[in-house]
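1. Quick check, what structure comes out for this input:
(chains A and B)
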There are 2 protein chains.
Amino acid sequence: MKTIYTIQMLQHSLNQFKKEDKKIGFVPTMGFLHEGHLALVEKAKQENDIVVMSIFVNPAQFGPGEDFDAYPRNTKRDMELSKNAGVDILFVPETVEMYPTNGGIRILPGPQATKLCGASRPEHFDGVLKVVLKLFNIVDPDRSYFGMKDAQQFAIIETFIRDFNLRTELVRVTTVREKDGLAKSSRNVNLSETERLQAPEIQKALQKGLELFRNQIPVNEIETEVIKHIVANTSGGIDYVSLLSYPSLQELNEETEEAILACAVKFENTRLIDNIIFSTKDE
Amino acid sequence: MKTIYTIQMLQHSLNQFKKEDKKIGFVPTMGFLHEGHLALVEKAKQENDIVVMSIFVNPAQFGPGEDFDAYPRNTKRDMELSKNAGVDILFVPETVEMYPTNGGIRILPGPQATKLCGASRPEHFDGVLKVVLKLFNIVDPDRSYFGMKDAQQFAIIETFIRDFNLRTELVRVTTVREKDGLAKSSRNVNLSETERLQAPEIQKALQKGLELFRNQIPVNEIETEVIKHIVANTSGGIDYVSLLSYPSLQELNEETEEAILACAVKFENTRLIDNIIFSTKDE
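-> You can find the predicted model right below:
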């Protein structure tokens, strides 16, 4: 594995592979890798000749008062994990390498960003689209791999790629979970021991919500039941629980084919998100 | 010359050239071609193996009440002119080909867009950045050619390319003028006979402004003199006359190396722009 710190060196390396017509799979991350990231790498390896992973804790997607400073980092461990997973090129730029200049151009997401995390993190997805466009332009990957724990992010990037003809294919990768059902997340390390024991109740609450949906319970009642379950079984505070169409993130209607039941829960030192995405037509 | 109407067919054609490592020069236009466009093609031919020209009157960059419908069009003549100029691929998409979907994502320019044309055309440059990003992604050109009559557009696109790592090199091409000094523009055809005779006074006024600048006259006096000259010698109304740094489009200060003196003048059925860009350090 080659570790590269500058855009110029990265493009120099990639140009060689592109001349040989190698297919490039790209796994953008914020580091502090876990099995969720490694599942992205595994899929990227299956489908491409070269796998590029980036590690960049993107300040543009953290709001004031959010956990940019507290976001867990361990580059040395990440290097080992990514190497063992078979990453070919690890790109680890400093902030000044990614944002040396700022002419004030912004990319604003559409209505998809007003729901779920977008409601409580108003400029979060602006920052996501900014870094994603930059990284896609820098790497020029054939395929890009994103995990479905960040389902809203996936939906917005999918819209960006579609509407602006971005030259990469977006690949959905299923959320990886701990044995007890908690979605793998770099932020899990910021849970207290007690919180960690309670956290699997988030996914249980969502599964309960899905069961209610299958029993044709109205959306607002489902959301209320999910909230009740989380409040009763964890010390976390509810940021949101929402059942919406996916990927449009609108209220469900008769044309909805795929839906998302998503939530964000605030614990003392961290905020966790999780979701389930399901066909509305299934039994 | 191959004329292509769909993104898919265009990319199919271009992929062949890219495999052969041909360099691609791109000339995006709104059609109704004149010598200004042909100068872009000429430069693109000198510097690349393949020249792609697009003709697309982009609705996204026209505001309500602007001249989208009145914008002159003549695709048949454009095809002849571009063929004779040596364009290899002419891309002529319909609006629905360029904008089949709209998830509401917008690209907002920064402070550069609040000045000059941006002040009177508030969403114009949003639309420009939208179509430019799409076209760059569709064509993936090595170099892209833009004329300096649209100097503000050039400055904003340059910032976009720099800050978002877009994969094309931007090439400045000098404004082409009629013998009497009027900047070539597709919109000149919408001038009345009398207006056409007066229109060269716009460039004369700007040259007078530059002379005043060389004589160390203050900026606001220069702007006033340029306005006076245009008002005295044409029937046009002043939209703006501004002397700013280039490409940052800020007020001049001691660090300014390059400046722009630009104006927009409204005639009965059309609005013309022109500018001169000059080093502030010259004698």
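
2. Apart from its chain neighbours, what residue comes closest to the most centrally placed residue in chain A?
-> When CA atoms, centre = their mean is applied to chain A, the residue found nearest the centroid is A:Asp150 (3.3 Å). Spatial nearest neighbour of A:Asp150, chain neighbours left out: A:Ile273 (7.5 Å); criterion: CB to CB, 6 or more residues apart in numbering or on different chains. Just so you know, the C-beta spots here come from the backbone N, C-alpha and C atoms, and that holds for glycine as well.

3. Just the buried positions in whichever strand or helix holds that neighbour, please.
-> Element membership of A:Ile273 [criterion: DSSP states H and E] is strand A:271-279. If you call a residue buried by 16 or more other CB atoms under 10 Å in any protein chain shown, then strand A:271-279 has these buried ones: A:271-278.

4. Pretty sure A:Ala264 sits in a strand.
-> Yes: judged by DSSP: H, G, I helix; E, B strand; the rest coil, A:Ala264 forms part of a strand.

5. so it touches A:Ile273, yeah?
-> Yes: the pair A:Ala264 / A:Ile273 is scored as a contact, 4.7 Å apart, by CB atoms under 8 Å.

6. Now do the shared contacts for these two.
-> A:Cys117 (CB atoms under 8 Å, 6 or more residues apart in numbering or on different chains).

7. quick one: contacts of stretch A:243-256?
-> A:111-112, A:115-116, A:151-152, A:154-155, A:158-159, A:209, A:213, A:219, A:222-223, A:258-262, A:277, A:280.

8. Just the buried ones out of the residues you listed, please.
-> Neighbour-count burial (16+ other CB under 10 Å) applied to these gives A:112, A:115-116, A:151-152, A:154-155, A:158-159, A:209, A:213, A:219, A:222-223, A:259-262, A:277, A:280.

9. which ones among the contacts of stretch A:243-256 are found in helices?
-> A:116, A:151-152, A:154-155, A:158-159, A:209, A:213, A:219, A:222-223 (DSSP state H).

10. what's the closest of the residues you listed to B:Gly86?
-> Closest approach to B:Gly86 among those (CB to CB): A:Thr159, at 38.2 Å.

11. Contacts only, for the nearest residue to the closest one once chain neighbours are set aside.
-> Leaving aside its chain neighbours, A:Thr159 sits nearest to B:Gly103 (3.5 Å; criterion: CB to CB, 6+ apart). Counting by CB under 8 Å, 6+ apart, B:Gly103 touches A:110-112, A:159-160, A:162-163.

12. Let me know the pLDDT of A:Leu243.
-> Note on A:Leu243: pLDDT of 98.

13. and it, that one's in a helix?
-> No: read with three-state DSSP, A:Leu243 is strand and lies in no helix.

14. Quick check: the gap between it and A:Gly209.
-> 7 Å (CB to CB, to the nearest Å).

15. Residues in contact with both of the two, list them for me.
-> Common neighbours of A:Leu243 and A:Gly209, using CB under 8 Å, 6+ apart, are A:222-223, A:261.

16. SS state for A:Lys179?
-> Per three-state DSSP, A:Lys179 ends up coil.

17. Torsion angles phi and psi at it?
-> Note on A:Lys179: its backbone torsions stand at phi -60, psi -30 [degrees, to the nearest 10].

18. ok but A:Ser144 is inside a strand, no?
-> Yes: A:Ser144: assigned to a strand according to three-state DSSP.

19. Just grab the bridge partners of it for me.
-> The partner list for A:Ser144 in beta bridges (DSSP bridges) reads A:Phe26, A:Leu170.

20. thought it was touching A:Phe136?
-> Yes: because the distance of 6.9 Å satisfies CB under 8 Å, A:Ser144 is recorded as touching A:Phe136.

21. overlap in contacts of the two?
-> By CB under 8 Å, 6+ apart, A:Ser144 and A:Phe136 have these common neighbours: A:26, A:168.

22. hmm, who's touching stretch A:205-218?
-> Under the criterion CB under 8 Å, 6+ apart, residues A:221-223, A:225-227, A:229-230, A:233, A:241, A:243, A:259, A:261-263, A:274-276, A:278, A:280, A:282-283 lie in contact with stretch A:205-218.

23. hmm, back to that, just curious, which of the shared contacts of A:Leu243 and A:Gly209 is nearest to chain B?
-> Proximity of the shared contacts of A:Leu243 and A:Gly209 to chain B, judged by CB to the nearest CB, is greatest for A:Leu261, which lies at 21.7 Å.

24. what does the stretch 1-150 of chain A put close to chain B?
-> Proximity of the stretch 1-150 of chain A to chain B, by CB under 8 Å from any CB of the partner chain, involves residues A:7, A:19, A:21, A:101-112, A:129-130, A:133-134, A:137-138, A:140.

25. go again using 10 Å as the cut-off
-> Within the stretch 1-150 of chain A, the positions lying close to chain B (CB under 10 Å from any CB of the partner chain) are A:7, A:11, A:18-19, A:21, A:98-114, A:125-126, A:129-131, A:133-140.

26. Strands along the stretch 1-150 of chain A, start to end?
-> Along the stretch 1-150 of chain A, counting by DSSP state E, counting those that start in this stretch, strands occupy A:2-4, A:24-29, A:50-55, A:89-91, A:106-108, A:143-147.

27. Which strands and helices lie in contact with the first one?
-> In this case it means strand A:2-4. The criterion is 3 or more CB pairs under 10 Å, 6 or more residues apart in numbering or on different chains; DSSP states H and E, and the helices and strands that strand A:2-4 contacts are helix A:7-19, strand A:50-55, helix A:75-85, strand A:89-91.

28. Check the offset of the first one from the chain's centre.
-> Centroid displacement of helix A:7-19 relative to its chain, using CA atoms, centre = their mean, to the nearest Å, is 26 Å.

29. Pull out the buried positions in it.
-> Going by neighbour count (16+ other CB under 10 Å), the buried part of helix A:7-19 is A:7, A:10-11, A:13-14, A:17-18.

30. next one: stretch A:93-109
-> So for stretch A:93-109, counting by 16+ other CB under 10 Å, buried means A:93, A:97-99, A:103, A:105, A:107, A:109.

31. Pull the number of nearby residues for the closest residue to A:Lys204 other than its chain neighbours.
-> The shortest distance from A:Lys204 to any non-neighbouring residue, by CB to CB, 6+ apart, is to A:Gly181 (6.5 Å). A:Gly181 has 15 neighbours, counted by other CB atoms under 10 Å in any protein chain shown.

32. what's near enough to touch A:Gly181?
-> Contacts for A:Gly181 (CB atoms under 10 Å, 6 or more residues apart in numbering or on different chains) come out as A:199-204, A:206-207, A:274.

33. Now the buried members of those residues.
-> Counted by 16+ other CB under 10 Å, the contacts of A:Gly181 give A:199-204, A:206, A:274 as buried.

34. Strands - which of the residues you listed land there?
-> A:Asp274 (DSSP state E).

35. could the strands of the stretch 1-150 of chain A be laid out in JSON lines, adding distance to B:Lys43 and mean pLDDT?
-> Formatted as JSON lines, the strands of the stretch 1-150 of chain A follow (distance: least, CB to CB, whole Å; pLDDT from 0 to 100):
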{"stretch": "strand A:2-4", "distance to B:Lys43": "34", "mean pLDDT": "98"}
{"stretch": "strand A:24-29", "distance to B:Lys43": "32", "mean pLDDT": "98"}
{"stretch": "strand A:50-55", "distance to B:Lys43": "34", "mean pLDDT": "98"}
{"stretch": "strand A:89-91", "distance to B:Lys43": "34", "mean pLDDT": "98"}
{"stretch": "strand A:106-108", "distance to B:Lys43": "30", "mean pLDDT": "98"}
{"stretch": "strand A:143-147", "distance to B:Lys43": "34", "mean pLDDT": "98"}
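
36. As JSON lines, these with distance to B:Val27 would be great.
-> Listed next are those as JSON lines, based on distance: least, CB to CB, whole Å:
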{"stretch": "strand A:2-4", "distance to B:Val27": "34"}
{"stretch": "strand A:24-29", "distance to B:Val27": "29"}
{"stretch": "strand A:50-55", "distance to B:Val27": "32"}
{"stretch": "strand A:89-91", "distance to B:Val27": "33"}
{"stretch": "strand A:106-108", "distance to B:Val27": "26"}
{"stretch": "strand A:143-147", "distance to B:Val27": "30"}
